[in-house]
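>>> Predicted coordinates and the sequence they were generated for:
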Amino acid sequence: MNLWNDPINFIAGWLRALLTGWGLSLDLAKIFIMLVGVGVLIVGSLVLAIFLVWVERKVVARFQDRVGPNRIGPYGLIQPFADIIKLIIKEDITPTTADKVIYNLAPVLALASVLFLWAVLPLASNIYGVDLNVAALYLVAAGALGTLAIIMGGWASNNKYALLGAFRMVATMISYEIPMVVVLLIPTLLAGTMSFRGIVESQAGAWYVLMAPLAMLIFLISAVAELGRAPFDLNEAESEIIAGFHIEYTGMKFGLFYAGELLHAFTFGGFVALLFFGGYQFFGLEKLGPLVAVTIFLAKAMFGYWVIMWIKYTMPRIRIDHLLAFNWKFLTPLALILLVVTALLHKLLAGLPLWGITLIMFLTNVLIAWVTVEILRAYGRKQRQAEEVLAPAGQH
Amino acid sequence: MTASQIVFLLSAALIIGSALMVVTTRKLVHAALWLVAALFGVAILYGLLEAGFLAVVQVVVYIGAIAILFIFAVMLTRKEMRDTGPQTRRSWPLAALLGLLVLAGLVFLVLDMPDVARTAVEIPAEVDTVGALGQALVSPEAYALPFEVASVLLLAALIGAVYIASGQKKE
Amino acid sequence: MNIPLSWYLILAASLFCIGLYGVLSRRNAIAILLGVELMLNAVNINLVAFWRYLDPAQMGGQVFAIIVFAVAAAEVAVGLALIISVYRSRKSVVADDIDLMKW
C-alpha cells in the first residue's frame, strides 16, 4: 500500500494516524476523513466545471469558425475566472412576487443533483466515492432531483415564460427517462450487476459499445434530452420563451444553473464512457497506476462531452410534438426491443467464447438498425404520399 | 447514542415535521414540496434499514414521478382555488381528535407487542439482498404472481388515466 | 444497527395518523391525495422494518413494499386524472362540491 498504487487509502491512513495522534477518537477521525473526502470531490468537480466553461466556449468558437476567448491568460484560460467575478458582482435580483425560499433553493438543488452523481463515478479501480450495488438506479434518482429543481425554479419565479420552460423541460425529462432506464438495463444485464465498478470491470474483455452499439446511441440521445441541450433545448428556446425556467435568475444563481448544466453534460459524457467504453480501462494501460486510470477516464469523459457539444452546435432545435413523438414512437419501442433481444442472446450464447458473443451481438444490432431504418423509410414514403394527395406537387 | 440512532432521530424529525407541514400548510404547491421532503426522509430510513434498492426506488418513483405529478395537478387546477379561503373543513378539530385517538391506540398496541425493543441482527456480508429481492420477484415459488398482477394494475391505471384525462372528443 | 424496532413502528404510526388527519380535514381533493400518500408511506416503513428485524432472508416485506409503490403510482395517476377531469366540468377541486352522485 503506497501513494502510487492506492492513493486514497494511503492518504486516509496518514490522516487517521495524524488525527488520532492529536487525541481524536477513531470514530470521529473516520467521520472527519469522510467529510474531507466529500469536500475534495465536490471542490474538484466544481473546479472542473470552471474549466469546462473555457472548454465549451473554445469548442463552440471553433464550430462557428471563431477563435473564442483569447485575451486573458494564455489561450484565454483565465477567462472563466473573469466570468465568475462578473457574475458575483452582478446585482442579485429576486422578483417581488417570487416564492422566495423555493426560488433560492432551486439553483442549489440543480447543482446538487449533478454533484450527487459524482459520488458513484468510479474514477479508477480504487478511486471512487461509494460502490453502490444499485448505482444504475441511483443515476436515475439523481436525475429526478434535477427535474424537481427545474420545476421549483420555474414555478417560484412567478413568470409565464419560466413556467412554460419548466413544463417543457419536465415533459422532456420524464419521457426521455424511460428509454434511458431501459437502455441502462442492457449493460446491467451484460455485467450481471448494477454497481458501476462491476460494470467497468466486466468490460475488461470487450467494451459494451461493441456488444450494444444501438444501446449506446439511445443512451446518448436520451442523455442529451435529459440535459436539455440542443436539439432538445426547448426549455430555453431563446426565440420563443427567452430563457425558460432560469429567466428571472441573475448573478451567481444563474451561474449555479449554468455550472450545473456544463458539469451535467460532462458527467453524462463520463457515464457513456463508463457504461459502454470501458470506463477507466484502456488496453491494460490503467494497470500502471490509479492516476493513469483517472486520466484515461477523464479523457474518455471529455470525448463524450465533446460529442454532446458537437451535437449541440450542429443540430437545429426540433418542435415539441416531434420531440415527444420521437421518444414515444421511436426510442422507447426500439429500446424495449433491444432489451428483449439482448437478454435472449445473452442467455442463448452463454457457452460461447467472448469474441463469438461480441460478434453475434454486434451483427444483431446492425440487423435491428437496418430493419428500423427500412421501416422508417417506408413510413416516410407513406407520409410524403399522403401529403402529395392533399397538395399535388407544383401547386404550393 | 450511536451514529445510526442519531441519523434515525434526525430523519424522523424531518419526516414528522414535513408531514405536519403537508397537512397544515395553506399553499398547495408548498404542501407537495413538503411531501417531497417527507418522502426523502423515508428514503433515508430505507437506507438505514439496509434496503438500498427500496431507498433509490423511493426517490425515483415518489420524487421523480408522483411528486412531479402532484405539482402538475396543483398548477393545472389553480384558477379556482387560488389558495384563498379556508383550506380545511369546519370539522377539522374532530379529525385531529380522531387522528390522536388512532395514534394513541396504535402506540398502545405497539408497546404491547412481545419483544418490541429487539434490535436487528447483522446481515452477513456475503448475502446479496438486491439479488435475493430480484429472485423473489420473478421466481414462481415466491412472488411472481403478485408481481405480474401489480404490472397489470399499472397498465390498467395507465390506460384509465389517459382515457379519463384526455376528455371526450367533441363530434 | 442498535435501533429498537419500536422506534420505527411508532414513527410509522405517527406518520399514518398525520396522513389520516390530512385526509379527513382537507377540502381540496389533491390535498386529500397527499394525505393518502403519507399513509401509504407509513405502511411501507412498517413493512421494511419488519423485513429487516424479523427475517432478512425472507424477501416478503420488500416485495410488498414494491407492490405498494406500484399501487401508489396507479392511485395517483388515476386519482389526479379524475380530479383534473372533474375540474374541467365543474371548475372546482373541493371534495364537498363534487356531490352529483349524492342523493
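Sure thing, it's come through.
>>> Going by C-alpha atoms from here, please, whenever you check contacts or count neighbours.
Will do.
>>> what ranges of chain B fall below the confidence cut-off?
Chain B contains residues with pLDDT under 70 at B:1, B:79-86, B:167-171.
>>> ok, 80 please
Filtered on pLDDT under 80, chain B yields the residue ranges B:1-3, B:76-91, B:114-129, B:165-171.
>>> residues contacting the residue nearest to the spatial centre of it?
Compute the mean C-alpha point of chain B, and by C-alpha atoms, centre = their mean the closest residue is B:L39, 5.7 Å away. With contact set as C-alpha atoms under 8 Å, 6 or more residues apart in numbering or on different chains, B:L39 has these partners: B:15, B:58-59, B:62-63, C:41.
>>> Now list the buried members of those residues.
Buried subset of the contacts of B:L39 (neighbour count, 16 or more other C-alpha atoms under 10 Å in any protein chain shown): B:15, B:58-59, B:62-63, C:41.
>>> what's the spacing between the helix or strand hosting A:W355 and its chain's center?
A:W355 is part of helix A:354-390, with elements assigned from DSSP states H and E. Remark: helix A:354-390 is offset 27 Å from the chain centroid, using C-alpha atoms, centre = their mean, to the nearest Å.
>>> Give the helix, strand or coil label for A:A149.
Here A:A149 is helix, with the state taken from DSSP: H, G, I helix; E, B strand; the rest coil.
>>> Am I right that A:Y103 sits in a helix?
Yes. The assignment for A:Y103 is a helix, going by three-state DSSP.
>>> pretty sure it contacts A:A149?
No. Look at A:Y103 against A:A149 with C-alpha atoms under 8 Å: they stay out of range, at 9.6 Å.
>>> Would you mind telling me which of those two has the busier surroundings?
A:A149 (26 against 23; other C-alpha atoms under 10 Å in any protein chain shown).
>>> In the longest helix along chain C, which residues are buried?
Using DSSP state H to define each element, chain C has its longest helix at helix C:60-90. In terms of neighbour count (16+ other C-alpha under 10 Å), helix C:60-90 has its buried residues at C:60-87.
>>> element containing A:L123?
With DSSP H and E as criterion, A:L123 is part of strand A:122-124.
>>> Turn the contacts of B:L39 into a markdown table, including distance to A:L190.
Shown next, in a markdown table, are the contacts of B:L39 (distance: C-alpha to C-alpha, whole Å):
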| residue | distance to A:L190 |
| --- | --- |
| B:I15 | 38 |
| B:Q58 | 25 |
| B:V59 | 25 |
| B:Y62 | 28 |
| B:I63 | 29 |
| C:N41 | 34 |
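>>> buried sites along stretch B:159-169?
For stretch B:159-169, using 16+ other C-alpha under 10 Å, the buried residues are B:160-161, B:164-165.
>>> now swap in stretch A:179-192 and tell me
A:179-191.
>>> which of those sit farthest apart?
The largest separation in these, counting by C-alpha to C-alpha, is between A:P179 and A:A191 at 19.1 Å.
>>> got the domain boundaries for chain B?
Domain segmentation of chain B under automatic domain parsing yields B:1-84, B:127-171.
>>> Highest mean neighbour count across the ones you listed, which stretch is it?
Comparing those by mean neighbour count (mean count of other C-alpha atoms under 10 Å in any protein chain shown), domain B:1-84 comes out on top with a mean of 20.
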